[in-house]
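Chemist: Following is a predicted model, sequence given first.
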Amino acid sequence: TAKTVNNGNTVQVRHTASANFSTSVSSTLTIGGVIGAFTSTTQANDTTPIATLNVKDFGAVGDGETDDTTALKTAIIKAHNIGKNLYFPDGTYLYQSGMNAQGVRFIGQSKTGTIIKESSLINEHNLDGAENITFQNVKITDYGTSKSRIFRNCKFEVTLPVDSSFYLFYTGVYTYGADNEFTDCDFIFPHIYTALWIRKYDSVLIQNCTFNGNASGHNIRLELPNKRNAQVSILGNTITGGTTGIFIGSNREIAMEGGLIEGNTLHNQVEEAIAMDGFGNERGLVPVIANGPIDNVWNDKNGRVVIGMDQMLYRGDTIDAPSPISLRDDWTNFYFSFGEDSGLDGTIAKIQSFNADENTLTLDLKTPASTIKLGGDAGVQGGFFNWIVRGNTVTGTLGYNNTYGTAISIYLNVFGILVENNVVSD
């Protein structure tokens, strides 16, 4: 617009850049025959997330041909030392060595476009988590060095030829300890013993993931929590193939309390779609810790029940040795059960504390000691307590030679389990 400009006036120029990336826009201003030109080009956003280092700044190429091992090792060490995570722009990064990325998470640009690839399945890779990355021929193994382990929107797959005469390798993703989350991840492991194996955990969330087990053993396997009430949620996953879809193994070391298995779709497992089972190996399959008659009972000053009894160690189908309180120091990991002729038949209570000198167990139960009968049967129990198995869909569980196949198997020392609204069909 033409206007009069006098000497000493200030002229402001408003120049609007393009809304499109990499697009140039020009403007001109003419005063007294003098032309001024203004040009701008809108640059693409920096997609590197805050608090991360870009692996390409360390020489990683990501073209699927260049060996990026040295560059990624350098980037991992730097990220670990300064407490940052690593960002991977889309590309295929070849890595040919065991990866130790404790304390570092990998952030990819996209799950389909960002690939970390190994040429073999020999090496084990330790990292705390990742987002938006595909791992090809990469075994993730974490031995409990981190406080939490989070994988979101990742894919784990094997692209190598498969020899069906043996398991390609034992475990695809193995974590040990702490808090574990796997959300919106894909597990594609042909002929592997366990796709996702989690042990010694504080909490587990496996949600909206897909598992294609083919000729595998377990798709999901959990065992040995760090605490009795470790939270477990297995929600909305789709699991195809394998010997078992979801396997939760109880044990003789700690009770497993309060898990939720809900809204999963399972198809074509050979043995069991969902299995909650005793798992004790040479220590005895049945997770009964000890049994015996009640010898003495009273209430402590807080009204809790105190039990004295001559327990016998229980292994499998046999009672083979005395089990005094002094035998072990982990009694509070378990529950106490009242059996026949005890006056509280069928009652289950947490073990609050124990006294090795007095050979007694104090229960988290406030009831008059007079209601409990001396000589009645009682025991200390591992196993499953107060779990929910709800709203799952199971189809095509085959069984070996069509003689064995179970949709939902809940077996050995199960207390207070709610199984509802599950759908089972051929």
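Modeler: All right, it came through fine.

Chemist: which sections of the stretch 51-200 of the chain are below the confidence cut-off?
Modeler: Within the stretch 51-200 of the chain, the stretches with pLDDT under 70 are 121-122, 143-147, 162-169.

Chemist: Let me see the ranges of the helices in it.
Modeler: 69-82 (DSSP state H, counting those that start in this stretch).

Chemist: Quote the end-to-end distance of stretch 210-224.
Modeler: 24 Å (Cα to Cα, to the nearest Å).

Chemist: Next: stretch 114-130.
Modeler: End to end - Cα to Cα - stretch 114-130 spans 11 Å.

Chemist: how far out from the middle of the chain is that stretch?
Modeler: 17 Å (Cα atoms, centre = their mean, to the nearest Å).

Chemist: and if you look at stretch 190-199?
Modeler: 12 Å.

Chemist: where's residue 288 relative to residue 296, distance?
Modeler: 22 Å (Cβ to Cβ, to the nearest Å). In this view, the C-beta of every residue, glycine as well, is placed from N, C-alpha and C.

Chemist: swap in residue 422?
Modeler: 44 Å.

Chemist: What of residue 353?
Modeler: 16 Å.

Chemist: Partner strands of the one helix or strand residue 249 maps to and their direction?
Modeler: Assigned by DSSP states H and E, residue 249 belongs to strand 244-250. Next to strand 244-250 in the sheet, as set by DSSP bridges, lie strand 218-223 (parallel), strand 272-278 (parallel).

Chemist: now those as TSV including mean neighbour count?
Modeler: Formatted as TSV, those follow (neighbours: other Cβ atoms under 10 Å):
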stretch	mean neighbour count
strand 218-223	25
strand 272-278	25
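
Chemist: wouldn't residue 274 be in contact with residue 419 here?
Modeler: No: checked against Cβ atoms under 8 Å, the pair residue 274 and residue 419 is beyond contact range at 9.5 Å.

Chemist: Overlap in contacts, the two.
Modeler: Common contacts of residue 274 and residue 419 (Cβ atoms under 8 Å, 6 or more residues apart in numbering): 389, 408.

Chemist: one step back: give me the more crowded residue out of residue 422 and residue 296.
Modeler: residue 422 (18 against 14; other Cβ atoms under 10 Å).

Chemist: top strand in this structure by residue count?
Modeler: strand 288-299 (DSSP state E).

Chemist: where does the next helix or strand after that strand sit relative to the chain's centre, distance-wise?
Modeler: Under the assignment DSSP H and E, the closest C-terminal helix or strand after strand 288-299 is strand 304-309. For strand 304-309, the separation from the chain centroid amounts to 37 Å (computed by Cα atoms, centre = their mean).

Chemist: So what pairs up with residue 336 in the strands?
Modeler: Residues in beta-bridge contact with residue 336 (DSSP bridges): residue 349, residue 380.

Chemist: shouldn't residue 101 be in contact with residue 80?
Modeler: Yes: assessed by Cβ under 8 Å, residue 101 is found in contact with residue 80 at 7.2 Å.

Chemist: quick one: which of these two has more around it?
Modeler: More crowded of residue 101 and residue 80, by other Cβ under 10 Å: residue 101, with 23 against 16.

Chemist: Quick check: nearest residue in space to the more buried one, chain neighbours excluded?
Modeler: residue 127 (3.9 Å; Cβ to Cβ, 6 or more residues apart in numbering).

Chemist: List the residues that contact that neighbour.
Modeler: Under the criterion of Cβ under 8 Å, 6+ apart, the contact list for residue 127 reads 99, 101, 102, 104, 105, 106, 140, 142.

Chemist: And these, which is closest to residue 393?
Modeler: For the contacts of residue 127, the residue nearest residue 393 by Cβ to Cβ is residue 140; the value is 28.5 Å.

Chemist: ok, now how distant is the closest residue in space to that closest one that isn't next to it in sequence from residue 216?
Modeler: Spatially, and ignoring its direct neighbours in sequence, residue 140 is nearest to residue 173 (4.5 Å; Cβ to Cβ, 6+ apart). Using Cβ to Cβ, one gets 13 Å for the distance from residue 173 to residue 216.

Chemist: same thing with residue 102?
Modeler: 28 Å.
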